[in-house]
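1. For reference, the sequence and a predicted model appear below.
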Amino acid sequence: MQYDLIHPREQLVELMSRIYRYGMTTTSGGNMSIRDNKGDIWITPAGVDKGSLTWDDIVRVKANGEIKGRYKPSSEFPFHKAIYETRNDINGVVHAHPSALVSFSIVRKKPPTRIIPQARKICGRVGYAAYALPGSEKLGQNIALAFKEGFDSILMENHGVVCGGKSVLDAFHRFETLDFCARIAIKAKMLGGYNELNDEQLALLDHTKNYLVEFEPHNRTNQEKALRRHIIKIVRRAYDQQLMISTEGVISVRLQDDSFLITPVSKDRRLIDIYDVVLIQNRHRERGKLPSRAVLLHDRIYRDHPNIQAIISAQSPNAAAFSISNQKFETRSIPESYLLLRDIPQIPFGPQYLNEKEISTKLSLDKNPVILLNNDAILTVGASLLEAYDRLEVAEFSARSLIDATVLGGMVTINKEQKRDLEEFFLN
């Protein structure tokens, strides 16, 4: 989907709906805007329910100051205007009060963006703006000053966050990714703390080789068409269940022994369509498309494991908290967790970029269908896409229970005898 072809009104309604649905703002909180190529600013209105925003609610403030619309622009229009006047490269602004980022704003700390590989680049430089009265010119000046210093994501003291981008979708990606980092950092703190990636480790992301030789596919089969549709359905489901965010998560499905379908790189997960899915055949990529950076890892797994039919890697927030902490992901909490997940190996950061074989050898459809890639993702496999997705869901639910249990006291796991009974009854 080419987002720049969508009218500013529709862009603002769609993205504000996402922010509201995923609990990152309230009925009365948050605002966003777009500056178009004429210099007009399109902005969400003041005093209108964010959960039921419509096309006609969006306000247009023309470059000459004239207001067009049935409502007043957001009371925080002054800081949107100040940002645009300060930064020519910014054409979209998102502001809201997601609880995790508010937590950071009231303790005067920045969320760590070095905890997963892509986050630092997506979020840009993170800064702070001094407190001022909401809607005041002073607040606009404080925020504009922070953007003028080169920051792209700004925490506002005792308030919330504002992110700017080359488009409003770009700003939203920054906002959502920064909120994700804040959430998993807080969860990891409950587990004892988190590990951050150094410059050398972060640099591995830029050296990922996903630019395979192109080929022109012919004779599209009905099986391929059906699997494309299934991938899109599961990607959107994962996003709606907050198992993925717009900038993170990969799904692939085997087509034949020498080919598979995989989601593309740098595409909003909620907006991916069947045309975006990339066909890989004999390590060649479908002409005109770029697959996920994880394409060589997925290719290695399919080559090594003929019984694996689908692979998902995702940064679901509770499982991701384990990936950035030093705590073991204990699956012997309830029978379903152990039976579907088995024991989960944890892989140090790096092999997903440098040695795909190392990860592939840790996997087994029967014994180790789930692995945790430290400071990256949880990876699940299945004999079908639905099975791999079920494992992702169970992993996230299990991780959430484990984190919540930390405030209740010591966890009692299923013991060795009970584990053996489960294996004999269900797995043999």
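-> Sure thing, it's come through. Numbers count the residues shown, from 1 in each chain.
2. Every contact and neighbour count from this point should use C-alpha atoms.
-> Noted.
3. pLDDT score for residue 360?
-> Looking at residue 360, its pLDDT reads 96.
4. Equivalent analysis for residue 25, please.
-> Residue 25 carries a pLDDT value of 89.
5. For it, which residues are in contact?
-> 19, 96-98 (CA atoms under 8 Å, 6 or more residues apart in numbering).
6. With pLDDT and distance to residue 169 as extra columns, can I get these in CSV?
-> As requested, the contacts of residue 25 are arranged in CSV below (pLDDT from 0 to 100; distance: CA to CA, whole Å):
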residue, pLDDT, distance to residue 169
19, 93, 12
96, 94, 15
97, 93, 18
98, 94, 18
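7. now these: which count as buried?
-> 19, 96-98 (16 or more other CA atoms under 10 Å).
8. can you count the residues close to residue 406?
-> The burial metric for residue 406, expressed as a neighbour count using other CA atoms under 10 Å, is 13.
9. Name all residues that make contact with it.
-> 190-191.
10. Residue 382 bridge partners, please.
-> According to DSSP bridges, the residues that bridge with residue 382 are residue 310.
11. from the buried ones among the contacts of residue 25, which two are the most distant?
-> 19 and 97 (10.0 Å; CA to CA).
12. for the one helix or strand residue 239 maps to, which positions count as buried?
-> Per DSSP states H and E, residue 239 falls inside helix 222-240. By neighbour count, and taking 16+ other CA under 10 Å as the criterion, the buried residues in helix 222-240 are 224, 227-228, 231-232, 235-240.
13. Can you read off the pLDDT for residue 416?
-> According to the prediction, residue 416 has pLDDT 88.
14. Ignore what I typed, I meant residue 410.
-> In this model, residue 410 is scored at 79, pLDDT.
15. for residue 235, same thing?
-> At residue 235, the model reports a pLDDT of 97.
16. which ones are touching it?
-> Contacts of residue 235 were listed using CA under 8 Å, 6+ apart, and they are 251, 269-270.
17. Okay, now the unreliable bits of the stretch 1-150 of the chain?
-> 1 (pLDDT under 70).
18. can you map out the helices along it?
-> Listed from the start of the chain, the stretch 1-150 of the chain has helices (DSSP state H, counting those that start in this stretch) covering 8-21, 77-86, 99-107, 119-123, 137-148.
19. Equivalent analysis for the stretch 201-350 of the chain, please.
-> Shown for the stretch 201-350 of the chain, the helices assigned by DSSP H, counting those that start in this stretch span residues 222-240, 295-304, 317-324, 335-341.
20. Find the residue at the geometric middle of the chain.
-> The centroid of the chain falls nearest to residue 245 when counting by CA atoms, centre = their mean (2.5 Å).
21. and the gap between residue 386 and residue 233?
-> Residue 386 sits 11 Å away from residue 233 when distances are taken as CA to CA, to the nearest Å.
22. go on, residue 288?
-> Remark: distance between residue 288 and residue 233 (CA to CA) = 23 Å.
23. Count the neighbours of residue 171 for me.
-> 27.
24. Contacts only, for it.
-> Shown in contact with residue 171 (CA under 8 Å, 6+ apart): 92-94, 163-165.
25. Enumerate every residue touching the residue lying farthest from the centre of the chain.
-> In the chain, counting by CA atoms, centre = their mean, residue 417 sits farthest out from the average C-alpha position, at 39.3 Å. When the contact criterion is CA under 8 Å, 6+ apart, residue 417 has no partners at all.
26. what about it, helix or strand, and which?
-> Since the elements are taken from DSSP H and E, residue 417 ends up inside helix 416-422.
27. What are the buried residues along that helix?
-> Of the residues in helix 416-422, residue 422 count as buried by neighbour count, 16+ other CA under 10 Å.
28. other SSEs contacting the helix or strand containing residue 386?
-> Residue 386 is located in helix 385-405, with elements delineated by DSSP H and E. When contacts are defined as 3 or more CA pairs under 8 Å, 6 or more residues apart in numbering; DSSP states H and E, helix 385-405 sits against strand 310-314, helix 317-324, helix 335-341, strand 377-382.
29. quick one: average pLDDT of the shortest one?
-> Think strand 310-314. Strand 310-314 carries an average pLDDT of 97.
30. That one: how far from the chain's middle?
-> Between the centre of strand 310-314 and the centre of its chain there are 14 Å (CA atoms, centre = their mean, to the nearest Å).
31. Give me the residues contacting that strand.
-> Strand 310-314 has contacts (CA under 8 Å, 6+ apart) with 243-244, 248-254, 298, 377-385, 388-389, 392.
32. one step back: will you turn the contacts of residue 235 into a markdown table that also has pLDDT and neighbour count?
-> Converted to a markdown table, the contacts of residue 235 look like this (pLDDT from 0 to 100; neighbours: other CA atoms under 10 Å):
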| residue | pLDDT | neighbour count |
| --- | --- | --- |
| 251 | 98 | 28 |
| 269 | 94 | 24 |
| 270 | 93 | 18 |
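33. Touching, residue 215 and residue 289? I think so.
-> No. Counting by CA atoms under 8 Å, residue 215 sits too far from residue 289 to count as a contact (10.3 Å).
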